[in-house]
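# Sequence first, then the predicted structure, then my questions.
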Amino acid sequence: MLVRVSYLELRTAPAVPAERAGAERIALERLSRADYLRLYQGVGAPVRWDQRLQMPAPELERLLDSERLHLYLLRSGAGEAIGLCEFDRGEFPNIELKNFGVVPAAQGRGLGRWLLSVALSAEWSAGATRIWLHTDTWDHPAAIPLYQRVGFSVYAVRDEPADPL
């Protein structure tokens, strides 16, 4: 089985994020493995995320504790984690956007775009010169248009073998 994979990159500063009047907040945080996996599954289960679920626990814990990973969390007014934007900074200033999304209950209110804009702006301000990502046909149908609205451009599209779940 093949899946269409689109590769996108951001090579110029993203627009400054709009202010938001809601009770939600965004912050760069560290999470325990259990809290991270709970949010990862809440966001990613509908679109078949499984990479972090397959990582050995000690490896994931090292990654979560490292400076390599920047994890921006979107929290509801009650403090519940409802979205994440995760960057791999291992080849800084070239950064990979590894995982991004909000839980299904928070979709459709502009929170994902706000989270993405705030996180991209923070990473760019910290010295990024290129932020890239890949997404595939299993992702949310609004993913590529959203990435393009915040400044990403497609630089490659390939049909690749789907990883077994």
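Cool, got the structure.

# Can you tell me which helices and strands the host helix or strand of residue 8 packs against?
Using DSSP states H and E, residue 8 maps to strand 2-10. Strand 2-10 is packed against strand 130-136, helix 143-149, strand 153-161, with contacts defined by 3 or more CB pairs under 8 Å, 6 or more residues apart in numbering; DSSP states H and E. Where C-beta positions appear, they are placed from N, C-alpha and C, glycine not excepted.

# ok, and for the second one, which residues are buried?
Using 16 or more other CB atoms under 10 Å as the burial criterion, the residues of helix 143-149 that qualify are 143-144, 146-147.

# Tell me the gap between it and the middle of its chain.
13 Å (CA atoms, centre = their mean, to the nearest Å).

# Lowest-confidence one in the buried residues of helix 143-149?
In terms of pLDDT, the weakest of those is residue 143, which scores 87.

# what's whichever strand or helix holds residue 116 in contact with?
Following DSSP H and E, the helix or strand that holds residue 116 is helix 111-125. Here helix 111-125 makes contact (CB atoms under 8 Å, 6 or more residues apart in numbering) with 10, 13-18, 20, 24, 26, 28, 70, 72, 74, 82-85, 87, 95, 100-102, 106, 131, 146-147, 149-151.

# same question, stretch 65-73
Under CB under 8 Å, 6+ apart, the answer for stretch 65-73 is 26-31, 36, 39, 63-64, 81, 83-90, 115, 118-119, 122-123.
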